[in-house]
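[1] Provided below for reference: sequence and predicted model.
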Amino acid sequence: QVQLVESGGGLVQTGGSLRLSCKASGRTFGINVMGWFRQAPGKEREFVAAIRWSDDQTRYADSVKGRFTISGDNSKNTVYLQMNSLKPEDTAVYYCAANFGASMRTMSAYDVWGQGTQVTVSS
């Protein structure tokens with residue numbers, strides 16, 4: 001089994017920055033995509049960003065493009081989400097996820113999920 005543990009969430013003012021981290025452990029061989037999703041109160045979980053190890057491709061939701069950057073270290077099974085210029089609408093629980101396939105934006109393609117970390121942006 002694979003376990004994902006997120007860290008780095010917290011409270012920040014509008015315009016501030018946070019960096020989320022996610023480390024995979026266990027049977028990590030074969031993980032090809034690691035991504036971040038978020039869920040705000042009363043809303044559905046949505047895609048934020050993903051990185052694919054096999055070809056170093058990244059994908060972003062339009063709402064975060066230019067503000068968030070996903071990066072990672074495949075050898076350490078760790079992925080990061082640098083979040084800059086944060087807005088109140090970025091407030092959500094952020095989830096790290098991993099999948100063994102190639103899909104990046106599709107939530108159902110992800111096989112393993114972390115517990116989530118709260119990000120709160122105050123206005």
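    Thanks, I have it.

[2] what separates the spatially most central residue of the chain from S123, distance-wise?
    For the chain, the residue nearest the mean C-alpha position is W36 (2.0 Å; C-alpha atoms, centre = their mean). Look at W36 and S123: by C-beta to C-beta, to the nearest Å, they are 23 Å apart. C-betas here are computed from N, CA, C, even on glycine.

[3] wait, isn't V121 in contact with G16?
    Yes - taking contacts as C-beta atoms under 8 Å, V121 lies within contact range of G16: 7.3 Å.

[4] between these two, what contacts are shared?
    L86 (C-beta atoms under 8 Å, 6 or more residues apart in numbering).

[5] Settle it for me: which of those two has more neighbours?
    V121 (20 against 14; other C-beta atoms under 10 Å).

[6] The more buried one bridge partners, please.
    V12 (DSSP bridges).

[7] One more: R52?
    Here R52, judged by DSSP bridges, has bridge partners V33, Q57.

[8] which ones are touching it?
    32-33, 58, 102, 104.

[9] likewise S7?
    Counted by C-beta under 8 Å, 6+ apart, S7 has contacts 20-22, 117.

[10] measure it to S17 for me?
    S7 is 15 Å from S17, by C-beta to C-beta.

[11] Also S75?
    26 Å.

[12] These two: who's more crowded?
    Taking neighbours as other C-beta under 10 Å, S75 and S17 compare with S17 leading, 11 against 7.

[13] neighbours around the closest residue in space to the more buried one that isn't next to it in sequence, how many?
    Spatial nearest neighbour of S17, chain neighbours left out: N84 (4.7 Å); criterion: C-beta to C-beta, 6 or more residues apart in numbering. N84 has 14 neighbours, counted by other C-beta under 10 Å.

[14] next one: G114
    20.

[15] wouldn't it be in contact with L81 here?
    No - using C-beta under 8 Å, G114 is not in contact with L81; the gap is 11.9 Å.

[16] overlap in contacts of those two?
    Common neighbours of G114 and L81 (C-beta under 8 Å, 6+ apart) are C22.
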